[in-house]
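Trainee: Mind looking at a prediction? Sequence and model below.
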Amino acid sequence: MARRAGSADLPLHGGRVPPWLGERMTRLGAVICQAIVHHYGRDELLRRLAHPFWFQSFGSVMGMDWHSSGITTSVLGALKRGLTPLSGELGIHVCGGRGRHSRQTPAELLRVGEAVGLDGADLGRASRLVAKVDSAAVQDGFDLYLHSFIVADDGTWVVVQQGMNGENKQARRYHWLSENLTSFVDAPHSAIEGQGQGKIVNLTDRRAERSRAAQLELLSDLGPDGLVREMGRLDHAPTPEPLQATLPHLTMPSHHDVRAENVVTRRLHGALAAAAEQGPKDFSDLLLVPGVGARTVRSLAMVAEVVHGAPCRFSDPARFSLALGGKDRHPFPVPTKVYDETIRVMKVAIANAKLGREEALGAIERLDIQARRLERHATGPSLEAHISEERANSAAYGGRSITGWEEPPARKTAKR
């Protein structure tokens with residue numbers, strides 16, 4: 001994956017993740033990370049976390065609000081809870097977090113360094129520099145409130161941090177990756193997400209190198225008083241249009257509902273077709289809960305894509321919310337029975353793989369392979385029809401949202 005992955009608009013949302021979902025996100029996030037490390041290694045997991053499109057899809061497949069800034073906080077919190085007990089096995093450590101937890105990052109990195117033989121002080125310096133660049137060198141109108149530093153045993157790391165603009169009710173997420181990083185002030189970002197707020201003063205862009213040098217020269221030659229005089233002369237001078245780096249841009253809309261324009265339908269149809277075709281072949285011994293098994297395979301098809309998909313396949317994060325719904329009932333309530341069965345199948349697959357039995361993980365990978373083959377010609381229901389079916393079956397799947405448990409359609413009709 002390229003270090004520069006693009007940018008996106010993120011509506012700023014408040015609220016908290018309910019415990020029943022947070023606990024499930026912790027377990028599913030951990031087992032997805034285990035699968036990625038098993039197949040591709042921990043460096044690839046760090047690259048995924050530094051890719052904003054994948055990160056948003058990762059949060060969507062876990063049942064968070066598919067389009068909002070809340071994905072950042074909830075995903076990083078789930079990973080910290082889920083991966084900390086596995087740090088010895090995976091060699092990955094999640095430090096920092098939101099608010100006061102972000103300020104504890106250097107101390108946490110010191111403890112990690114002592115435990116695995118890294119220079120914790122140097123990692124802490126990197127953490128502070130990253131925060132400084134995004135809060136001072138990149139002046140884009142967003143105040144940082146979240147900083148998460150994820151480091152591997154070999155010293156490679158990724159940083160995900162987020163700022164907010166309360167006036168515009170927008171958030172911007174920043175991704176950093178230490179791989180191939182040679183300078184903290186020369187185009188270091190893996191990606192910047194967020195809505196454009198006009199011209200941004202970005203002194204980290206490599207094209208700003210002359211500007212950085214000139215600033216130091218001016219300060220040395222003119223001194224503070226001389227700089228003030230020069231600034232006065234420039235007040236009425238025409239301002240040239242600055243060059244800006246052009247990156248792929250993901251726009252996360254403000255509307256809560258998932259609409260047809262938010263989803264690449266052929267990819268959805270491919271996943272549904274793969275689940276229908278591969279499920280009976282590969283999952284008969286794994287799926288034990290009557291009435292839930294077939295639906296779980298559909299969820300697993302999207303989880304499989306999060307594990308195995310190429311970067312270009314995450315251009316529509318909304319599609320991944322169709323795996324396990326959303327806590328705010330969009331696109332439909334979280335099907336808790338399906339969620340739990342998805343976690344169980346993934347945990348069984350990982351446990352068997354550790355013992356050298358790759359059949360279950362191989363079956364999940366085949367779902368992704370088959371989905372990509374079938375999407376070229378697969379057909380299926382419209383997005384609206386698919387969501388309508390999910391809502392109709394929600395109670396049977398243990399549908400739950402922040403408003404409570406879903407009731408069977410017959411009971412809802414009787415109440416009216």
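Mentor: Thanks, I have the structure now.

Trainee: Off-centre distance for the helix or strand containing Ser87?
Mentor: Following DSSP states H and E, one finds Ser87 within helix 87-90. Between the centre of helix 87-90 and the centre of its chain there are 21 Å (C-alpha atoms, centre = their mean, to the nearest Å).

Trainee: try stretch 368-385
Mentor: For stretch 368-385, the distance to the chain centre is 24 Å (C-alpha atoms, centre = their mean).

Trainee: Any idea how far apart the tips of it sit?
Mentor: Its first and final residues considered, stretch 368-385 spans 23 Å by C-alpha to C-alpha, to the nearest Å.

Trainee: Can you give the contact residues for that stretch?
Mentor: For stretch 368-385, the surrounding residues in contact (C-beta atoms under 8 Å, 6 or more residues apart in numbering) are 258-260, 263, 265-274, 277-278, 301, 304-305, 307-309, 386, 389. In this view, the C-beta of every residue, glycine as well, is placed from N, C-alpha and C.

Trainee: 6 Å instead, please
Mentor: 260, 263, 266-267, 269-274, 278, 301, 304-305, 308 (C-beta atoms under 6 Å, 6 or more residues apart in numbering).

Trainee: what do you get for stretch 146-157?
Mentor: If you take C-beta under 6 Å, 6+ apart as the criterion, stretch 146-157 is touched by 42, 76, 91-96, 98, 102, 105, 116, 118, 127, 131, 158-162, 178.

Trainee: So which of those belong to strands?
Mentor: In strands, judged by DSSP state E, the following of the contacts of stretch 146-157 are found: 92-96, 98, 158-162.

Trainee: tell me which element Arg172 falls in.
Mentor: Residue-wise, Arg172 maps onto strand 170-177 under DSSP H and E.

Trainee: Do you know the pLDDT at the residue nearest to Glu179 when sequence neighbours are not counted?
Mentor: In this structure, Glu179 finds its nearest non-sequential neighbour in Thr156, 6.1 Å apart by C-beta to C-beta, 6 or more residues apart in numbering. Confidence at Thr156, expressed as pLDDT, is 93.

Trainee: What's the local residue count around Thr156?
Mentor: Under the neighbour criterion other C-beta atoms under 10 Å, Thr156 is assigned a count of 17.

Trainee: roughly how far apart are it and Leu118?
Mentor: 10 Å (C-beta to C-beta, to the nearest Å).

Trainee: try Pro18
Mentor: In terms of C-beta to C-beta, Pro18 sits 36 Å off from Leu118.

Trainee: who's more crowded, these two?
Mentor: Neighbours around Pro18 and Leu118, counted as other C-beta under 10 Å, are more numerous at Leu118. The numbers are 20 against 13.

Trainee: which residues does the more buried one contact?
Mentor: The contact partners of Leu118, by C-beta under 6 Å, 6+ apart, come to Gly155.
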